[in-house]
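# A predicted structure for the sequence below; I have some questions about it.
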Amino acid sequence: MSSEVSYLSHARYGKDKVRVLRVFREGNWHHVVEYNVTVLVEGDIETSYTKADNSVVVATDSLKNITYFSPHILIAERFALHLGTHLVSKYSHLHKAFITVEQLRWSRIRVETGSETKEHSHSFFRDGDEKRTVKVEVDASGGKDKLVGRVSAGINDLLVLKSTGSAFTNFVRDEYTTLVEVDDRIFSTSVDLSYTFAPIDLPTPKNEDKLDFAIPVAEGQEAGTIWDTSIPEKTRKVTLGIFAEDDSASVQATLYKMATKIVHDHAGVATVSYALPNKHYIPVDMKYIGVDNLTPCVSIISPPSTFCGAMECSACLYAGPLKGYPLRGYPTSAF
Ligand SMILES: O=c1[nH]c(=O)c2[nH]c(=O)[nH]c2[nH]1
């Protein structure tokens, strides 16, 4: 413990929001990737804080340029590992690099050509706010020739909603409880998913510029590992499929089903973490204007619900032209 009243316990710095867009041309057939990258480094940099010594600082502007310069951009995991490996190899006083990549969703526009629709060769649309995420730590603290890579990947901001097939009952009821039990509710959430892989040994760049090294991916895909490029799409499918099909007893129970399926399906995945914040759509009680929209349909069976649609059933009475699809649960206030 330092005798000073205050001291520097830890230091990490770098550049956030480095925007990278690359176009790959296979003849006239173009591919685009867009990343928001965060590059942070740790090492023998304390004196830049404690003694205003900039001689140990690789300028964040240079970190940005190195990010632009890095290859292997089509696979975010490879790109991030390459960037991190280069940083800790080139700069002897930097011992760790932390790279975060957020990949935006550019999907190909479909256009009509005669009687068919076709994917356009070089035009794309932003397919929602969802991002694919990759986080990489390249750790050289055990030696520059004993680099360790720690990789996690996932999804952020995947917004979903289901209009039935979700309940929440039997939770703690006490003096703090105002929430009513419901056997049928709207379930909406913004999915954040993260899965981690076991640490991997990384090759040491041998040449002067510290750029000549192959991240161990060259031979095939190695199903289930970091290099299995089908994992992002498969984990997304599991997330959406279980969200849609599960008769949800709670967010917690549905989330656990998603996570266990991902661990079960991918031997290389060590841990899975989800955050599913409930986006509430609370029914507005319409009885003050003469509409009973909250009494369950008399024929309701546990979800998936069936509705009688009968005029004498208060839940179905106001369904009007949508007979069989009662007003129950609508309108809602969203917040
Ligand atoms: O599925 C849910 N889990 C909760 O823990 C919770 N808490 C709450 O208010 N609503 C819900 N819904």
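The structure has been received and is ready for your questions.
# would you mind listing what in the stretch 151-300 of the chain touches the ligand?
Proximity of the stretch 151-300 of the chain to the ligand, by Cβ under 6 Å from any ligand atom, involves residues 168, 179, 250-252, 278. Any C-beta I mention is one placed from the backbone N, CA and C, and that applies to glycine too.
# want to throw those into TSV with pLDDT and neighbour count?
As requested, those are exported to TSV (pLDDT from 0 to 100; neighbours: other Cβ atoms under 10 Å):
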residue	pLDDT	neighbour count
Phe168	92	20
Leu179	85	12
Ser250	97	16
Val251	97	16
Gln252	98	11
Asn278	92	13
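# now His31. Nearest residue, chain neighbours left out?
Phe24 (4.2 Å; Cβ to Cβ, 6 or more residues apart in numbering).
# and for Ala198?
Ala270 (5.2 Å).
# repeat that for His82.
Using Cβ to Cβ, 6+ apart and skipping residues adjacent in sequence, the residue nearest His82 is His72, 5.1 Å away.
# roughly how far apart are the one you found and the ligand?
Noted for His72: a distance of 40 Å to the ligand, by Cβ to the nearest ligand atom, to the nearest Å.
# run a quick neighbour tally on Gly128.
12 (other Cβ atoms under 10 Å).
# how about Arg78?
Using other Cβ under 10 Å, the number of residues around Arg78 comes to 23.
# for it, pull up the helix or strand it's in.
helix 76-90 (DSSP states H and E).
# where does Lys237 fall, phi/psi-wise?
Backbone torsions of Lys237, given as degrees, to the nearest 10, read phi -60, psi -40.
# what sits against the residue of the stretch 1-150 of the chain found nearest the ligand?
Nearest residue of the stretch 1-150 of the chain to the ligand: Glu130, at 21.8 Å (Cβ to the nearest ligand atom). Contact partners of Glu130, counting by Cβ atoms under 8 Å, 6 or more residues apart in numbering, are 105, 155-159.
# which parts of this structure are helices?
46-50, 60-69, 76-90, 231-245, 251-265 (DSSP state H).
# and the closest residue to Tyr91 other than its chain neighbours, how many neighbours?
Among residues not flanking Tyr91 along the chain, Val58 sits closest, at 5.8 Å (Cβ to Cβ, 6+ apart). Other residues lying near Val58 total 19 when counted by other Cβ under 10 Å.
# then Asp16?
With other Cβ under 10 Å as criterion, Asp16 counts 12.
# from what I see, it and Thr67 are in contact.
No: contact criterion Cβ atoms under 8 Å: Asp16 and Thr67 do not qualify, at 11.0 Å.
# deepest of the helices of the chain, which one?
For the helices of the chain, the largest average neighbour count (mean count of other Cβ atoms under 10 Å) is found in helix 76-90, namely a mean of 25.
# kindly export it (C-alpha atoms) in CSV.
Extracted C-alpha coordinates of helix 76-90, given in CSV (Å, rounded to 0.1, in the frame of the first residue of the first chain):
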residue,chain,number,x,y,z
ALA,A,76,-14.9,-10.1,-36.5
GLU,A,77,-13.3,-12.5,-34.1
ARG,A,78,-10.2,-12.9,-36.3
PHE,A,79,-10.0,-9.2,-37.0
ALA,A,80,-10.1,-8.4,-33.2
LEU,A,81,-7.5,-11.1,-32.4
HIS,A,82,-5.2,-9.9,-35.1
LEU,A,83,-5.5,-6.3,-34.0
GLY,A,84,-4.8,-7.1,-30.4
THR,A,85,-1.9,-9.5,-31.2
HIS,A,86,-0.3,-6.8,-33.3
LEU,A,87,-0.5,-4.2,-30.6
VAL,A,88,1.0,-6.2,-27.8
SER,A,89,3.7,-7.6,-30.1
LYS,A,90,4.7,-4.3,-31.7
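# quick one: the residue lying closest to Asn170 once chain neighbours are set aside from Ser92, how far?
Among residues not flanking Asn170 along the chain, Glu181 sits closest, at 7.3 Å (Cβ to Cβ, 6+ apart). From Glu181 over to Ser92 the distance is 62 Å, taken as Cβ to Cβ, to the nearest Å.
# repeat for Leu81
Leu81 is 20 Å from Ser92, where distance means Cβ to Cβ.
# what does Thr196 give?
Distance of Thr196 to Ser92, given as Cβ to Cβ: 29 Å.
# chain center to stretch 232-244: distance?
Distance of stretch 232-244 from its chain centroid, counting by Cα atoms, centre = their mean, to the nearest Å, is 12 Å.
# need the residues that contact that stretch.
With Cβ under 8 Å, 6+ apart as the test, stretch 232-244 has contacts from 132, 153-155, 158, 160, 162, 187, 191, 193, 195, 254, 257-258, 261-262, 265-266, 274.
# apply 6 Å and report the result again.
Stretch 232-244 has contacts (Cβ atoms under 6 Å, 6 or more residues apart in numbering) with 132, 160, 191, 257-258, 261-262.
# so where's the stretch 51-200 of the chain uncertain?
Nowhere does the stretch 51-200 of the chain drop to pLDDT under 70.
# no more questions from me, cheers.
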